[in-house]
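Trainee: Got a predicted structure here, sequence first:
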Number of protein chains: 2
Amino acid sequence: MSLHRLVSRRNLALASTFALASLSPLSFAADAPDLAPVRAQLAAQHDANVQRLRDWIALPSIAAENLNPQEGAEYMAQLLRDAGFDHTEIIPTDGKPGVFATLDAGAPKTLGVYFMYDVKQYDPAEWSSPPLAGELVDKPGIGKVMMGRGAVNQKGPEMAFLSALHAMRAAGRKLPVNLVLVAEGEEEIGSVHISQIVRTPRVQAALAKTEGVFMPSAMQDLDGIITVSLGAKGIVELELIASGEAWGRGPSKDIHSSLKAMVDSPAWRLVKALGTLVSEDGNTITIDNYPVAPPISAEHRAMVLAASPQSSDAEAKKTFGVQHWIDDLPYAQAQERLVSQPTVNIEGLVGGYTGAGGKTVLPHRAVAKIDMRLVPGMKFDDAVAALKAHLAKRGYGDIEVKVTGGYNPTQTAANTALIQSALAVLRGRGIEPLLWPRNAGSYPGFVFTDPPLSLPSGHFGLGYGTGAHAPNEFFLIESANKNLDGFDGAALSYVEYFYELAK
Amino acid sequence: MSLHRLVSRRNLALASTFALASLSPLSFAADAPDLAPVRAQLAAQHDANVQRLRDWIALPSIAAENLNPQEGAEYMAQLLRDAGFDHTEIIPTDGKPGVFATLDAGAPKTLGVYFMYDVKQYDPAEWSSPPLAGELVDKPGIGKVMMGRGAVNQKGPEMAFLSALHAMRAAGRKLPVNLVLVAEGEEEIGSVHISQIVRTPRVQAALAKTEGVFMPSAMQDLDGIITVSLGAKGIVELELIASGEAWGRGPSKDIHSSLKAMVDSPAWRLVKALGTLVSEDGNTITIDNYPVAPPISAEHRAMVLAASPQSSDAEAKKTFGVQHWIDDLPYAQAQERLVSQPTVNIEGLVGGYTGAGGKTVLPHRAVAKIDMRLVPGMKFDDAVAALKAHLAKRGYGDIEVKVTGGYNPTQTAANTALIQSALAVLRGRGIEPLLWPRNAGSYPGFVFTDPPLSLPSGHFGLGYGTGAHAPNEFFLIESANKNLDGFDGAALSYVEYFYELAK
């Protein structure tokens, strides 16, 4: 999923910031005068753009189900060609193919763009309108929305971006920046092969010339708040597997539990090994030689302190069903912990009999599903290596560390052109955005921000939608809310972004 | 399930003894001369007895599915009346009804009998013949068997016992002992309400006059071995449940795992609490003030040492997929540990996301399914109380201890009439049985062996069958194996048992 949704207040269940900004009216959009022709073209092409989005929604690419990977990549490439990209090509990977595209406008500056063409799985039975139909639905207090899988995550914002290119061309405008775009088809399964796309020499060389890489995103919220995040934690997802076979003790299959009196237990072994990973309260990592999290910077702490008082401690606690934050921290300190501390979390425990009631077995195998969040300064590879070394040193070398996904953290400085241009567009629209040090969730920006590219990376875009990963996902097409832009307003925000970046 | 199956070598997957006795031929059965008329009646009534077993199998009572509890109890009572019991009555409980029956033969001594009328669940798709049909099937090297759910566990042996009564009556014989019988319909779900049956004053008063209480059982094995067990461990089955709601920390529903940085984890809490229950190797109980297991007696140790060399360490290890016993103990010491040591075993771990791969959640709840085996001298109630006090003292008082079943251990002395009569019958058949201190599995003999009754209790009966709790369960009807008795031989063993007990 995109970073932005993890930041958005309207997705509190997934969110990690709860900032409530001043309510700046959007009624006066500070368009530069020369954008009027572009705006007119957006209006003229509105129906075609919306239909183009509907058509795209009708072709879901779902990596987890191996659904339409090639078709999705080819469709993506065609959409880019139609929008004016002069070079497009499919980049094969060991997983689903990527797409690489460039648009040379002869401009001095180049903007990098990151797209995903895949969407999350869905169950049509849970939807109020067919998830592939892209029906227009009236939402009271919001406006006319397009409902469909991928509508906001991420086809809607991406199509708004492409519509900006169509409008510029129809208005006879040259883009003020060149574009270099990479699209992947595995975002929803953890961007497993994105490095294979971005590290392709000609792709990497093209990206190296950019000011940074951004992803189109619907950043607006019902109350007019926009939060600009400067990064995201990294993540390691893994399974710790204790088994009789690997251990050489305990059974190699589930046996009658009475035999515990003479046979060792892999489930107990897992419990004991897990116990060495964190402090008694479960909140401090105790893995030997684990990568050290640098202290939060004064700048980032100030951002948290500035944002925190504007949101509701009580509302956040209610949303998560939490009575106390860790260590009974006040809200601001809890939020500082959220953005600055690495975690080792148990996602799931599975071993032996998991049905109703009991069953007298001694399991041969037990598994802990773990995720470890990393802050900038910590590396994915170092975290995995430390965990393995720790287990080996403590005598648990037989416990398998099965890494299933993840990547490094992402961090971008606030003073980069990529971020400052975003802030300038928002302020031009009368919005004073909140800055947030980094999202506690994760997105694969590392592939741009890590060496060798070491580029800024972030999200940008006006517009509104909800329901990512959920039924009835939608993207706002025609707004009935003064705080929200519809499709055309979202598209126009990208035009404004180009001009800011070109400055 | 019955105790015997947990002792039988042919069910190694569930077994706890692996004794290989001397191979005594059964070709000469040392019947007392005056049993010839009874034997003749068993032959004459053979077809009717087998049909009676088939009819019983056609009416399954399955407590877990609430299938036929009342019908099963009434059918049981009718079978007992037909076999000559002069008093039968249904004993209601808070669960499935029990049956209480007496047969007053005017004899000086009285024998207690324990029946179960319920059977284990079954899936017809897994069976080679319909599980309720009671079809006769030829088993090479074994003989003609009746296949059906409950055939050996426990309707076959019980019907052989009832057939002994039919034969005695038809031969004009008075029983040499009176009978007091209790039957339950919840054996397969842990005998939840057996105390309500046995503690009914008139039932308890009748049982109090008996020499002890035995359960008919098919004790023979393909290689001619018979093991007589003197008891069984007790068991506590429970769930340890850590939850955000009970804790007052952590979430009250699963939330996004990124929030681990500011929210406590009930899953980690469970892991830490579990870690306090056992030693580092998982094999020694470290619950504060836990009931102490008395050391194994010299008599019991001698039984283990006598039996152990006759079985195969390598075969047992292969059966269980085990490379080393606990502490690398030699086989005999491992078996001593099996019979003499209490256990705290993890049956299952369930928390958060348990599907394939990972899912970035911070679970609000995690559960460990636990069984704790008790040896004589330890009490169910004391074990539960110690566990609860331990958790509270360690600061885990919020972790719910949800007891789902269990009962006290069972122990009977070898020098009791109940056991010595069994040994005498077997020796009369030319079999030198192995004695075993107690089964590591569990059966509800406590209800007879605990105060106030404090009676001997055990299993007895010739005959053969396998497949309890599994597809294609059968009971041998006509033997083609010199080591095994068929239905009539099994029935005759109960007649011999009556006469031995009457001595």
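Mentor: It's in.

Trainee: Would you map the strands across the stretch 101-250 of chain A?
Mentor: Applying DSSP state E, counting those that start in this stretch to the stretch 101-250 of chain A gives strands spanning A:110-116, A:135-139, A:143-147, A:178-184, A:213-216, A:227-229, A:231-232, A:234-243.

Trainee: before we move on, what about the stretch 301-450 of chain A?
Mentor: A:343-352, A:361-362, A:365-374, A:400-407, A:410-411, A:434-436.

Trainee: Which secondary structure elements does the first one sit against?
Mentor: With contacts defined as 3 or more CB pairs under 8 Å, 6 or more residues apart in numbering or on different chains; DSSP states H and E, the packing partners of strand A:343-352 are helix A:266-275, strand A:365-374, helix B:266-275, strand B:343-352, strand B:361-362, strand B:365-374. All C-beta spots, glycine's among them, are computed from the backbone N, C-alpha and C.

Trainee: now do 10 Å
Mentor: Packing contacts for strand A:343-352, counted by 3 or more CB pairs under 10 Å, 6 or more residues apart in numbering or on different chains; DSSP states H and E, involve strand A:234-243, helix A:266-275, strand A:361-362, strand A:365-374, helix B:266-275, strand B:343-352, strand B:361-362, strand B:365-374.

Trainee: The fourth one now?
Mentor: Secondary structure elements in contact with strand A:400-407, counted by 3+ CB pairs under 10 Å, 6+ apart, are strand A:234-243, strand A:365-374, helix A:380-393, helix A:446-449.

Trainee: now do 6 Å
Mentor: On a contact count with 3 or more CB pairs under 6 Å, 6 or more residues apart in numbering or on different chains; DSSP states H and E, strand A:400-407 meets strand A:234-243, helix A:380-393.

Trainee: go on, the second one?
Mentor: Judged by 3+ CB pairs under 6 Å, 6+ apart, strand A:361-362 is in contact with no other helix or strand.

Trainee: Report the rounded mean pLDDT for that strand.
Mentor: Averaging pLDDT along strand A:361-362 gives 94.

Trainee: Name the surrounding residues that touch it.
Mentor: Outside strand A:361-362, the residues within contact range by CB atoms under 6 Å, 6 or more residues apart in numbering or on different chains are A:254-255, A:257, A:259-260, A:265, A:352-353, B:345, B:347.

Trainee: need the contact list for A:T102.
Mentor: Contacts of A:T102 (CB under 6 Å, 6+ apart): A:87, A:180, A:206.

Trainee: Go again with 10 Å.
Mentor: A:80, A:85-89, A:110, A:178-181, A:202-203, A:206-207, A:209 (CB atoms under 10 Å, 6 or more residues apart in numbering or on different chains).

Trainee: domain assignment for chain A?
Mentor: A:3-14+A:32-228+A:410-502, A:234-293+A:341-407, A:301-335 (automatic domain parsing).

Trainee: what about the last one, start to end distance?
Mentor: Which is domain A:301-335. Domain A:301-335 has an end-to-end distance of 10 Å (CA to CA, to the nearest Å).

Trainee: That domain vs chain B: in contact?
Mentor: Yes. Domain A:301-335 lies within reach of chain B by CB under 10 Å from any CB of the partner chain, at A:316-329, A:331, A:333-335.

Trainee: same question, stretch A:449-459
Mentor: No. Stretch A:449-459 lies apart from chain B when judged by CB under 10 Å from any CB; the minimum separation is 16.3 Å.

Trainee: Tell me how many other residues crowd A:A40.
Mentor: Residues near A:A40, counting by other CB atoms under 10 Å in any protein chain shown, number 13.

Trainee: just checking, it is part of a helix?
Mentor: Yes. Counting by DSSP: H, G, I helix; E, B strand; the rest coil, A:A40 falls inside a helix.

Trainee: how much space between the nearest residue to it once chain neighbours are set aside and A:S421?
Mentor: Excluding its sequence neighbours, the residue lying closest to A:A40 (CB to CB, 6 or more residues apart in numbering or on different chains) is A:A171, at 7.3 Å. Distance of A:A171 to A:S421, given as CB to CB, to the nearest Å: 21 Å.
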